[in-house]
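**Q** I need the structure of the sequence given here:
(chains A and B)
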Amino acid sequence: MTPLAIRHLTATSCIGHGLEPTLESLRAARSGLAPCAFETVTLDTCIGEVPGIDEVRLPAALRRFDCRNHRLAQLGLAADGFLDAVAACAGRWGRRRIGLFLGTSTSGMLETEVAYRQRDPKTGALPAALDYAGTHNPYSLAAFVRELLGLEGPAAAVSSACSSSAKVFGSARRMLAAGLIDAAVVGGVDSLCLTTLYGFHSLQLTSRGPCRPFDLERDGISIGEAAAFALIERAPESLDRDAILLLGVGESSDAYHMSSPHPEGRGARAAMLEALAAAGLPAQDIDYINLHGTGTASNDSAEASAVAAVFADCGRLVQASSTKGATGHTLGAAGALEAVICALSLRHGLLPGSPHTRHVAASLGFEYLLASRQRPIARAISNSFGFGGSNCALVLGRAQ
Amino acid sequence: MTAPMPSAYVQGIGLIGPGLTDWQSSARALAGEEAYSPRATTVPTPEGLPPAERRRIGTTVKLALGVAQQAVAAAGLDPGELLAVFSSSSGDGHICHEICETLASADRQLSPTRFHNSVHNAAAGYWSLATGSMAASTALCAYDGSFAAGLLEALVLVTVERLPVLLSAYETTYPEPLRAKRPVPDSFGMALVLTPTPAPDARARLAARLCDPGAPADRLADPRLEALRTAVPAARSLPLLRLLARGEPGEVVLDYIGEQRMAVQVRECR
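**A** Numbers count the residues shown, from 1 in each chain, chains lettered A, B, ... in the order given. From the prediction side, this is the model:
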């Protein structure tokens, strides 16, 4: 594929509101996970909660979108001058020439969960105040952000569970290639809700303590929440040396099971190979892998097999880590959040460590980074895999 | 400057809705050549899934796979060759209701199967299980514009990747109390197999563009079909299906996101 320029980025998660605090947390391998005291949840698990969401106020004209998820979206968009960057981009290309593709798994589902506790005792009706189109529906996230940013180009929500906000880069890439748009805002927003907390618990996939990706004693995920965005354009003729490029996107399906990965990571391997092929790069040109690394026994071992197969002939062990011990698993926002983390890695020569992970298998087929390292790198790959066997890998690089 | 229009050839069509059991038997009613008589939608159980998986799926996945299998069979293509776009406004409303009810009760223990079937991409996941296809798929939502958004994504995929693409657009109902918030009256699904080059029996060539603001969406003359179109997001495809049923060239304007519309040009292949 033709490389695309990632013109602007921002991320908000439990390790920081905006890029600077996020980078500082990654450098220090600091975790934002803490015991769960969210809403009325009584589960013995840790979560990655973003502080300050309750204090966010949506503009009066957009009040119908008010919910935790879209407050988090607005909080995230307010960081790093992202709103100004989009406004400048709209000035350059026109509002109708900017696409908007956002990933989410549960959108503002929390509103409906709470509304079900407030049903009319006689009729069973939900409270009149519940706005389904503005909060619950997966597209409501994109509808809100589209109005907030004043965009009028093609838009959609991608909701493919935990690969959602990686796959939005693919949608944007194709719309740019087809000439339908000149720029795209992509990203993901997912927020804490009871469906995912109790749902992953029902599958016995939540860890009691903070998650320990790739640890020999890992015992599940810690659910987090995040808002992460990127502004993408076609790459101009000449680029600054610190410009970040999207070099490749690879997507595949496992065709194996709805909630368990193929044991050898068949679909994960296909996604990585396709992303490398799209980038026109051999595996040995990758300096760092941001692993999906959720911290469940089966996910991490499947991904380990897939990575070992793809990077088998590199002549060295490629360095890799999962950053979910820091941020938690932010589900539909994970792809975009970890793409931003890869961009920070490329820009600042930072290979993030893996807080809470202590002991990893000796023969992983790659070097798993426990502590953060400083080393200039040129190219990174980010993995995102979800329920339904939906896989996506992104290759990012620094302009040379 | 004319904006480029993503385009593709229609190689197969699937259709399940109220009084509509498949494309073949529905085309005359859609074309206005015989009366449309709505009956409650019956959704068949799709083929290809192992018995354990077949027992786990609800109406939404059955509908999405049902129309997909019709379209792929009509196209005479191997499903493993197809990229896939699944587009729906709501996913499975009954699972959503059951989860919310459980979470509002004293015992919040959810069914694990219900939870993993609640994801918006459940249909895409079961499609890959039923067909064994490892090809990429996506799962989109654009509220009432979910059909047009899915069609645009599929046309762009064909145009850019030069590969055949399956589009499955589907919608099922919510039970009360969510039904009062999102009153979808009955299930409706449609699927298209779209290809970059025409096979000898290709039906038509489609090309899409976003309309200038203010363009109204095409309506249907039959009041019952028009009611279906406005009530079910996937049925926003009906003006396009009508043109395809008539086998005539032309242009239809479909509801897209918010107040925006998308125009689809239909050219005959024969």
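
**Q** Backbone torsions only: list them for residue B:230.
**A** As for residue B:230, its main-chain torsions (degrees, to the nearest 10) stand at phi -80, psi -20.

**Q** And for the chain, the residue most distant from the center?
**A** Here I'm looking at chain A. residue A:122 (42.3 Å; Cα atoms, centre = their mean).

**Q** Chain B was what I was after
**A** Furthest out from the centre of chain B (Cα atoms, centre = their mean) sits residue B:106, at 37.7 Å.

**Q** Shouldn't that residue be within a strand?
**A** No - according to DSSP: H, G, I helix; E, B strand; the rest coil, the state of residue B:106 is coil, so it is not within a strand.

**Q** per-residue pLDDT, it?
**A** In this prediction, residue B:106 carries a pLDDT score of 96.

**Q** cool, and residue B:8?
**A** For residue B:8, the predicted pLDDT is 98.

**Q** quick one: contacts for it?
**A** Residues counted as contacts of residue B:8 (Cβ atoms under 8 Å, 6 or more residues apart in numbering or on different chains) are B:154-155, B:158-159, B:165, B:194-196, B:205-206. For glycine as for every other residue, the C-beta is placed from the backbone atoms N, C-alpha and C.

**Q** List phi and psi for it.
**A** phi -170, psi 160.

**Q** Setting aside sequence neighbours, what's the nearest residue to residue 149?
**A** As the question left the chain open, I've gone with chain A. Nearest non-adjacent residue to residue A:149, counting by Cβ to Cβ, 6 or more residues apart in numbering or on different chains: residue A:86, 5.1 Å away.

**Q** other chain: chain B
**A** Residue B:149 sits nearest to residue B:142 (Cβ to Cβ, 6+ apart), 3.5 Å away.

**Q** Now for the closest residue to chain B within chain A: which residues touch it?
**A** Relative to chain B, the nearest point of chain A is residue A:388 (2.6 Å; Cβ to the nearest Cβ). Taking Cβ under 8 Å, 6+ apart, we find residue A:388 in contact with A:160-161, A:253, A:258, B:119, B:121-122, B:124-126, B:128, B:139.

**Q** again, only this time at 7 Å
**A** The contact partners of residue A:388, by Cβ atoms under 7 Å, 6 or more residues apart in numbering or on different chains, come to A:160-161, A:258, B:119, B:121-122, B:124-125.

**Q** Just flag the most distant two among those residues.
**A** A:160 and A:258 (12.5 Å; Cβ to Cβ).

**Q** Looking at those two, which is more packed in?
**A** Applying other Cβ atoms under 10 Å in any protein chain shown to residue A:160 and residue A:258 shows that residue A:160 carries more neighbours, namely 34 against 23.

**Q** quick one: contacts for the more buried one?
**A** A:167, A:386, A:388, A:390, B:121, B:124, B:138-139.

**Q** and those residues, which of them are in helices?
**A** A:167, B:124 (DSSP state H).

**Q** Looking at the closest residue to chain A within the stretch 1-150 of chain B now. What's its pLDDT?
**A** With Cβ to the nearest Cβ, the shortest gap between the stretch 1-150 of chain B and chain A falls at residue B:125, namely 2.6 Å. We note a pLDDT of 97 for residue B:125 in this prediction.

**Q** and the gap between it and residue A:298?
**A** Look at residue B:125 and residue A:298: by Cβ to Cβ, to the nearest Å, they are 16 Å apart.

**Q** okay, those two: which has more neighbours?
**A** residue B:125 (31 against 15).

**Q** mind listing what the more buried one touches?
**A** Residue B:125 touches A:258, A:387-390, counting by Cβ under 7 Å, 6+ apart.

**Q** do that again at 10 Å, thanks
**A** A:160-161, A:253-259, A:386-390, B:53, B:61, B:86, B:116-117, B:119, B:137, B:139 (Cβ atoms under 10 Å, 6 or more residues apart in numbering or on different chains).

**Q** Grab the nearest non-local neighbour of it.
**A** Here the residue nearest residue B:125, using Cβ to Cβ, 6+ apart, is residue A:388, at 2.6 Å.

**Q** Report the separation between the residue positioned nearest the centre of chain A and residue A:92.
**A** Centroid-nearest residue in chain A: residue A:334, 2.1 Å away (criterion: Cα atoms, centre = their mean). From residue A:334 across to residue A:92, the span is 30 Å (Cβ to Cβ).

**Q** sorry, back to before: state the pLDDT value of the residue of chain A closest to chain B.
**A** At residue A:388, pLDDT is 95.

**Q** quick one: it from residue A:186, how far?
**A** Relative to residue A:186, and taking Cβ to Cβ, residue A:388 is found at 21 Å.

**Q** same deal with residue B:16?
**A** 33 Å.

**Q** So which residues of the chain form helices?
**A** Since no chain was named, I'll use chain A. A:19-27, A:68-77, A:82-93, A:109-115, A:139-149, A:164-177, A:194-202, A:266-279, A:297-310, A:324-327, A:334-348.

**Q** ah, I was thinking of chain B
**A** Using DSSP H, helices in chain B cover B:23-31, B:51-56, B:59-75, B:93-103, B:112-117, B:122-131, B:146-161, B:178-181, B:223-231, B:238-246.

**Q** can you tell which of these is closest to residue A:153?
**A** helix B:146-161 (11.0 Å).

**Q** now that closest one against helix A:164-177, angle please.
**A** 60 degrees (axes from the mean of the first three to the mean of the last three Cα atoms, to 10 degrees).

**Q** For helix B:146-161, list every residue counted as buried.
**A** Residues of helix B:146-161 classed as buried by neighbour count (16 or more other Cβ atoms under 10 Å in any protein chain shown): B:146-160.

**Q** Could you find the closest non-adjacent residue to the closest residue to chain A within the stretch 151-270 of chain B?
**A** Going by Cβ to the nearest Cβ, chain A is nearest to residue B:181 of the stretch 151-270 of chain B, at 4.0 Å. In space, and not counting its chain neighbours, residue B:181 is closest to residue A:132: 4.0 Å by Cβ to Cβ, 6+ apart.

**Q** Please give me every residue in contact with that neighbour.
**A** Contacts of residue A:132 (Cβ under 10 Å, 6+ apart): A:108, A:111-112, A:115, A:126, A:140, B:90, B:143, B:174, B:178, B:180-182.

**Q** Which of those residues sits closest to residue A:326?
**A** Once Cβ to Cβ is applied, the member of the contacts of residue A:132 that ends up nearest residue A:326 is residue A:108, at 25.5 Å.

**Q** tally of neighbours for the closest one?
**A** 31.

**Q** And the one 3 residues further on, by the same measure?
**A** The local packing of residue A:111 (other Cβ under 10 Å) involves 25 other residues.

**Q** and what of residue B:84?
**A** Neighbours around residue B:84, by other Cβ under 10 Å: 27.

**Q** Ok, residue B:132 next?
**A** 12.

**Q** One more: the one 3 residues further on?
**A** The tally of other residues near residue B:135 (other Cβ under 10 Å) stands at 22.

**Q** I'd say the residue nearest to residue B:149 and residue B:153 touch.
**A** Yes - using Cβ atoms under 10 Å, residue B:142 is in contact with residue B:153, at 9.5 Å.

**Q** any shared contact partners between the two?
**A** A:154, A:156, B:87.

**Q** re earlier: out of residue B:16 and residue A:186, which sits in the busier spot?
**A** residue A:186 (29 against 26).

**Q** Distance-wise, check residue A:103 relative to residue A:186.
**A** Applying Cβ to Cβ to residue A:103 and residue A:186 gives a distance of 8 Å.
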